[in-house]
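> turn this into a model:
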Amino acid sequence: MKKFDLNIEQILENWETYHAIREIISNALDEKLLTDTNEVQINKEKDVWIVRDFGRGIQYNHLTQNENEEKLSNDNVIGRFGIGLKDALATFERNKVKVEIISKYNRITISKSKKQDFEDLFTLHAIIEDSPKPNFIGTEFKLFGVNDLDIEKAKKLFLKFSGDNIIETTEQGQIVSKSSDKGSIYVNGVKVAEEENFLFSYNITKLSSSLKKSLNRERTNVGRTAYTNSVKKILLNAKSKGVAEILADDLTNINLGTAHDELLWIDVQEHSVKILNQLGKYLFVTSLEAMQYPDMIDQAKNNGNNIIIIPENLKYKINDSIDLSGNPINDLGQFVDDYNDSFEFNFIEPNELNSFEKNIYESTHKIIDLFGGLPNKVKSIKISSTMRKDFFSENETLGLWNGELKSIIISRKTLKSLKSYSGTLIHELIHAKTGYDDVTREFETSLTNSIGELCEKLISNEQTQGTTPYKSNGGGFNKSEPISNKKNKSWLKRLLS
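Numbering: from 1, shown residues only. Modelled structure (predicted):
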């Protein structure tokens, strides 16, 4: 038998028994990871709790306080400096817990003895004896006098024994479901902090330098600033639909002031949108947009889209952005573009119109003449019995300029009156000529100027010879001979009426 002086009088008075048990479990888990051996066992035999690993076996030199090069070179282990075991043994002794450690090398127990050459000092000593089991595999810690509650409290400090489920694993760490109202922050599987208002728990496996510096001997109550960036990186590396849907569900709570803290990070909000956009059919709208455009929301739902309500600042963040696969984010503008691109017109040939409609339609070339000629980019004017809906005005579109078809498309409904048809045609001629969108200052100015020019022509009855009128040709209008305005006075009166 030999005595090994641990050089401890009193240490870590704030540690309780379960903190010491945590250190024993930590060492066992580290050994399992380093040796890739069987899972750690935590069992109770009669009144004795036993923590056992199946690694290489403890030796008395492991009781020295020394940096472990093997552990320092492995970022996934829990311990580092060899002091945790000594702290644990001192805590057990203070709380009157008897410890027996068995490996193939030694049997180790603990007692207080006089320090060599210093009769007035009593320090903690490890009693080193030959192993009673020379063929024993691993290390076995027997704990006498430990209650079941301390064991459970210690186990709850480990992700492995928490009962929480890992939702997703990333290069930076793991996103973990919560088993209570609080979120837990783990570092390599050991709990270091709790968060009152986190949506998930997290296991950080890639440690930043600031986090490494913040891990004290107790590995508890680590400040949020030490791990915030690590948690963000875990979330921004997430790619699963499950994580994104949970984040998206909480987006709605931002406007209510009840969202979890992760959703206060705009880059996390944006990333969750990008994941969902990649993995399913979603439409991302603000609460105001949802109220303003109910028809659009209904159309989106009918098309199989799930509606996700997002805050206003996120709307501008994702505008014109793409998801993880390079596809555009399906916000309100993108939905309308996709809807318009997929819409199919039902074009009507002139000979399919009734006599009243034909009479109005044949005035097309005269309206174009008054406008000042057909813009060069317009190749045809078509009539359709079906028109896309203008979701923003909640009305069916009466006319539009289609740049891809190089055509002005007019609803058949406008042929009920010359006033309706001519007004719609001139409106779309201005779009084609200027390229300006509705409800813009430039378009309104162009519209005003065109109205003024038309009225000037009609009131002064100016001759428009030399202009280039148009005649119908299979649904489009092509250049033909000039016409005389004198023959059209009655038509001009109808237009003015």
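> note down every partner strand of the top strand by length along the chain and its orientation.
Secondary structure of the chain read by DSSP state E shows that its longest strand is strand 118-130. Strand 118-130 has these partner strands in its sheet, going by DSSP bridges: strand 2-5 (antiparallel), strand 106-115 (antiparallel).
> most packed of those?
strand 106-115 (a mean of 17; mean count of other C-beta atoms under 10 Å). Placement of C-beta: from N, CA and C, glycine included.
> ok, residues contacting that one?
Residues from elsewhere that reach strand 106-115 (C-beta atoms under 8 Å, 6 or more residues apart in numbering): 3, 5, 58-60, 63, 89, 92-93, 98-101, 121-132.
> just the buried ones from those residues?
Taking 16 or more other C-beta atoms under 10 Å as the criterion, what is buried in these is 58, 63, 89, 92-93, 99-101, 123-128.
> nearest to residue 286 among those residues?
Distance to residue 286, by C-beta to C-beta, is smallest for residue 92 among the buried ones among the contacts of strand 106-115, at 58.6 Å.
> the closest one - that's part of a helix, no?
Yes - Residue 92 forms part of a helix when assessed by DSSP: H, G, I helix; E, B strand; the rest coil.
> check contacts around it.
Contacts for residue 92 were tallied using C-beta under 8 Å, 6+ apart; they are 17, 20, 98-99, 110, 143.
> ok, 7 Å please
By C-beta atoms under 7 Å, 6 or more residues apart in numbering, residue 92 lies in contact with 20, 99, 110.
> next: residue 208.
Contacts of residue 208 by C-beta under 7 Å, 6+ apart are 229-230.
> report pLDDT for the nearest residue to residue 163 once chain neighbours are set aside.
Among residues not flanking residue 163 along the chain, residue 179 sits closest, at 5.4 Å (C-beta to C-beta, 6 or more residues apart in numbering). Note on residue 179: pLDDT of 83.
> next one: phi and psi at residue 179?
phi -100, psi 0 (degrees, to the nearest 10).
> give me the number of residues near it?
Residue 179 has 13 neighbours, counted by other C-beta atoms under 10 Å.
> what's the spacing between it and residue 249?
Plainly put, residue 179 is 19 Å away from residue 249 if you go by C-beta to C-beta, to the nearest Å.
> please identify which helix or strand holds the closest residue to residue 418 other than its chain neighbours.
Using C-beta to C-beta, 6+ apart and skipping the chain neighbours, the partner closest in space to residue 418 is residue 360 (5.2 Å). Applying DSSP states H and E as the criterion places residue 360 in helix 355-361.
> quick one: which of the contacts of residue 92 is nearest residue 397?
For the contacts of residue 92, the nearest to residue 397 is residue 20 (75.0 Å; C-beta to C-beta).
> quick one, what contacts that closest one?
Going by C-beta under 7 Å, 6+ apart, the list of residues near residue 20 reads 88, 91-92.
> show me how this protein divides into domains.
Segmentation of the chain into domains, based on automatic domain parsing, reads 2-155, 161-236, 241-332, 347-496.
> contacts only, for residue 425.
When contacts are counted by C-beta under 7 Å, 6+ apart, residue 425 touches 364, 367, 399, 408, 410.
> which one of the residues you listed is nearest to residue 312?
Taking C-beta to C-beta as the measure, residue 312 lies nearest residue 399 of the contacts of residue 425, at 32.6 Å.
> ok, that closest one to residue 423 distance?
9 Å.
> where do the contact lists of those two overlap?
Residues within reach of residue 399 and of residue 423 at once, by C-beta under 7 Å, 6+ apart: there are none.
> more neighbours: those two, which one.
More crowded of residue 399 and residue 423, by other C-beta under 10 Å: residue 399, with 22 against 17.
> residues contacting the more buried one?
Counted by C-beta under 7 Å, 6+ apart, residue 399 has contacts 408-411, 414, 424-425, 427-428.
> let's go with 6 Å and repeat that
Residue 399 makes contact with 410, 424, 428, according to C-beta atoms under 6 Å, 6 or more residues apart in numbering.
> shaky segments in the stretch 101-250 of the chain?
The model of the stretch 101-250 of the chain has pLDDT under 70 over residues 115-117, 119-120, 122, 216-220.
> quick one: the helices in it, in order.
148-155, 159-162, 209-214, 224-236, 241-251 (DSSP state H, counting those that start in this stretch).
> tabulate the ones you listed (TSV), appending mean neighbour count and distance to residue 197.
Listed next are the helices of the stretch 101-250 of the chain as TSV, based on neighbours: other C-beta atoms under 10 Å; distance: least, C-beta to C-beta, whole Å:
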stretch	mean neighbour count	distance to residue 197
helix 148-155	16	23
helix 159-162	19	19
helix 209-214	14	21
helix 224-236	19	11
helix 241-251	19	11
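> so which of the ones you listed is nearest residue 278?
Among the helices of the stretch 101-250 of the chain, the nearest to residue 278 by C-beta to C-beta is helix 241-251 (8.9 Å).
> now the closest one against helix 224-236, angle please.
Going by axes from the mean of the first three to the mean of the last three C-alpha atoms, to 10 degrees, helix 241-251 is angled at 120 degrees with respect to helix 224-236.
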